[in-house]
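[1] Quick one, what's the 3D model for this:
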Amino acid sequence: MSFSNTQRTNSWNVEFFNSKSFIRIAGVFQLADMLSIADITHELYLCLVFDEPNDDAASYEPALLLRGTPPKSLIFLDRQDNSPFPTPTPAGGRDSYDFLFHSSRCARRGDLHTLSDTCIYHTDMPQRRVDPRYLDISVRSTDERLGNFPTRPSSLKRESSSSRTPSLSPSRPDFTGADDPSIIFPNDASRLMRLWPSNVFQHCTQGCVITGKGRAGGVQGPGLEAAHIVPQSQWNTFPIDNSNSIADPGLSDQLLQAWRSTWSAELNGIMLLSHLYKCFNARLVAIHPKTHLIRAFVDYDVITEFYGMRANLPRLIPEQVLQHHWDMCCLENTPGPAVPSPSRLTNIPELPRPKARKLDYRDPSKEDPNTQASNTQAPDTQAPDTQYLQTYMYQSNKHPPSPPLSERASEERTLWHFGKGIIKDTETVQQLVGEDQVLEVINDAEYGRGRPRVRQRCTSADNGDACGKQGVKRQRLELSPDIPFTDS
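    Down below sits the predicted model:
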């Protein structure tokens, strides 16, 4: 069981607020001054999109102001400032900051400030940034163009043991490794996956990169796991260059590079003890891409004991791969739950509320013609909502609702259950039962809504006796009002 969003936010001991409101926009768990001002700056701008000032006459810079009554000094957010970000004191305390913009034209930049100063610009509520690399924990992409790349050994077994069925979707190309040489062959993929644990151990002989434990006479001991830094289920987000770009789903060469890199023990493999392996995959712990210091994102004693310690990583692990996992942990833990996400859908017509589609079951023939005319809309000016309503009513007429409680079922319409079907025509019923069989009324009791008022039985009698008592087993036909004929 992983940590919930609430459990993650409860671990924050540094909180960031929108300066115009009381809403928390972000937070971090900071111990021993590990995180720098540059780290906090990167993290806030990675996770959030801020409404920056539109003032050409003066430039503004983002800053943080510690909440409290006395004036405080500003902490200016600078991606190049490696000074440690203040850790809350005493231990177990919590610091709250307002995010704002400060005018660079202010002559007293280093003095104490308050939120009411004229050099302070209060920004509107930020939005959550959409990062194309981000996927929920253990969730893989649904892009059909990635379907030819396996993400677990069992998928290869299924593909090799059964014949490949042609794709029924016109939007999904049905190609195989034989048709496209840039796509991974199942045998090659199976070999890479099968050898993954041993390959990682050969490149990471120091054991668990966090604890240094797990070596047993030069072999991989029990409880030591071969971990992907970039998850194998999200291989398509592997950075393919120094700028952290990800593969274009339309370019098979880039996809192949990302897939092979994900399964490369040299580029993407580390050894972790089993419990730390689970925390790593749950985005609770990460390794700083530059300093290699271990960071726990939640206050969980299993991992906080290693907070600020240096990981013993294999020499060839790229900084970009560690940056990917670090950023995904930030996106998972840092944004406030109240921060809105940007809308991805535009130009979508708003449908009326459900009560606006309430259907009128009155008989149109009994209405006043003038009223009918006034309520009729010309087809060429018909609104999309009206078209939807007509379609909805058509479907409703095909399967009409049960009659109101105040109305009794019509006695002019008689239906018979025949097996699992329903017959409406009396002549058809008589043909089915034959000349020697009759319809016999067996019950005249009143039934409620949606139930038959009359039941009839079709019986077969010996020696032409329509009312004989020694007849063979009978096929039962039942009445039921207002039900269309259906075949099972």
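
[2] Starting from the strand ranked longest in the chain, tell me which strands it pairs with and how they run.
    For the chain, the strand with the greatest residue count under DSSP state E is strand 95-103. Note on strand 95-103: by DSSP bridges, its sheet partners are strand 14-18 (parallel), strand 60-66 (antiparallel), strand 120-121 (antiparallel).

[3] okay, these in a markdown table with mean neighbour count, distance to Val230 and mean pLDDT next?
    For every residue, glycine as well, the C-beta is placed using N, CA and C. Listed next are these as a markdown table, based on neighbours: other CB atoms under 10 Å; distance: least, CB to CB, whole Å; pLDDT from 0 to 100:
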| stretch | mean neighbour count | distance to Val230 | mean pLDDT |
| --- | --- | --- | --- |
| strand 14-18 | 21 | 28 | 97 |
| strand 60-66 | 20 | 30 | 95 |
| strand 120-121 | 19 | 39 | 92 |
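
[4] and those as a markdown table, adding distance to Val130?
    Below are those laid out as a markdown table (distance: least, CB to CB, whole Å):
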| stretch | distance to Val130 |
| --- | --- |
| strand 14-18 | 19 |
| strand 60-66 | 20 |
| strand 120-121 | 25 |
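
[5] any weak-confidence spans in this protein?
    Applying pLDDT under 70 to the chain flags residues 1, 55-58, 152-183, 217-218, 343-422, 424, 426, 429-488.

[6] In it, what residue spans correspond to helices?
    Taking DSSP state H to define them, one finds helices in the chain at 5-10, 37-47, 153-161, 186-194, 196-203, 252-262, 265-268, 274-281, 301-304, 319-333, 369-374, 384-398, 426-433.

[7] which parts of the fourth one are buried?
    Residues of helix 186-194 classed as buried by neighbour count (16 or more other CB atoms under 10 Å): Pro186, Ala189, Ser190, Leu192, Met193.

[8] How about Trp263, nearest residue that isn't a chain neighbour?
    Spatial nearest neighbour of Trp263, excluding adjacent residues (CB to CB, 6 or more residues apart in numbering): Leu192 at 4.7 Å.

[9] Would you mind measuring from that neighbour to Leu322?
    Leu192 is 22 Å from Leu322, where distance means CB to CB, to the nearest Å.

[10] can you check Trp196 too?
    Distance from Trp196 to Leu322, by CB to CB: 19 Å.

[11] Next: Ile303.
    In terms of CB to CB, Ile303 sits 17 Å off from Leu322.

[12] show me what contacts the nearest residue in space to Pro70 that is not next to it in sequence?
    Nearest residue to Pro70, sequence neighbours excluded (CB to CB, 6+ apart): Leu112, at 7.8 Å. Going by CB atoms under 8 Å, 6 or more residues apart in numbering, Leu112 touches Pro70, Pro71, Lys72, Ser73.

[13] Which segments of the chain make up each domain?
    5-128, 182-333, 411-488 (automatic domain parsing).

[14] In a markdown table, list those along with distance to Gly147.
    Output for those, formatted as a markdown table (distance: least, CB to CB, whole Å):
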| stretch | distance to Gly147 |
| --- | --- |
| domain 5-128 | 29 |
| domain 182-333 | 10 |
| domain 411-488 | 38 |
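
[15] what's the most buried one of those domains?
    domain 182-333 (a mean of 18; mean count of other CB atoms under 10 Å).

[16] Now do the end-to-end distance for stretch 230-249.
    Taking CA to CA, to the nearest Å, stretch 230-249 runs 17 Å from one end to the other.

[17] Can you give the contact residues for that stretch?
    Contacts of stretch 230-249 (CB under 8 Å, 6+ apart): 132-135, 138-141, 143, 145-146, 149, 151-152, 254-255, 257-259, 261-263, 268, 281, 318, 320-321, 323-325.

[18] so how far is Gly207 from Arg94?
    Distance from Arg94 to Gly207, by CB to CB: 36 Å.

[19] Likewise for Ser59?
    Distance, Ser59 to Gly207, using CB to CB: 51 Å.

[20] Figure out which of the domains of the chain is closest to Pro340.
    domain 5-128 (5.6 Å; CB to CB).

[21] Can you give me the end-to-end span of that closest one?
    So domain 5-128: terminal residues 15 Å apart, CA to CA.

[22] Also stretch 117-128?
    28 Å.

[23] Mind listing residues that contact that stretch?
    Against stretch 117-128 from outside (CB under 8 Å, 6+ apart): 18-21, 23, 25, 47-53, 55, 60, 65, 99-103, 105-106, 113-115, 335, 339-342.

[24] rerun at 6 Å
    18-20, 25, 48-51, 53, 60, 100-103, 106, 335, 339-342 (CB atoms under 6 Å, 6 or more residues apart in numbering).

[25] Next step: the residues you listed restricted to strands.
    Asn18, Ile25, Leu48, Val49, Tyr60, Leu100, Phe101, His102, Ser103.

[26] so the second one makes contact with Pro335?
    No - judged on CB atoms under 6 Å, Ile25 makes no contact with Pro335 at a distance of 7.5 Å.

[27] Give me the common contacts of the two.
    Counting by CB under 6 Å, 6+ apart, nothing touches both Ile25 and Pro335.

[28] leaving aside the residues next to it on the chain, what's closest to Glu319?
    Using CB to CB, 6+ apart, the closest residue to Glu319 is Pro289 (4.8 Å).

[29] who touches that neighbour in this structure?
    Going by CB under 6 Å, 6+ apart, Pro289 touches Glu319, Leu322, Gln323, Trp326.

[30] if we go to 8 Å?
    So Pro289 contacts Glu319, Gln320, Leu322, Gln323, Trp326 (CB under 8 Å, 6+ apart).
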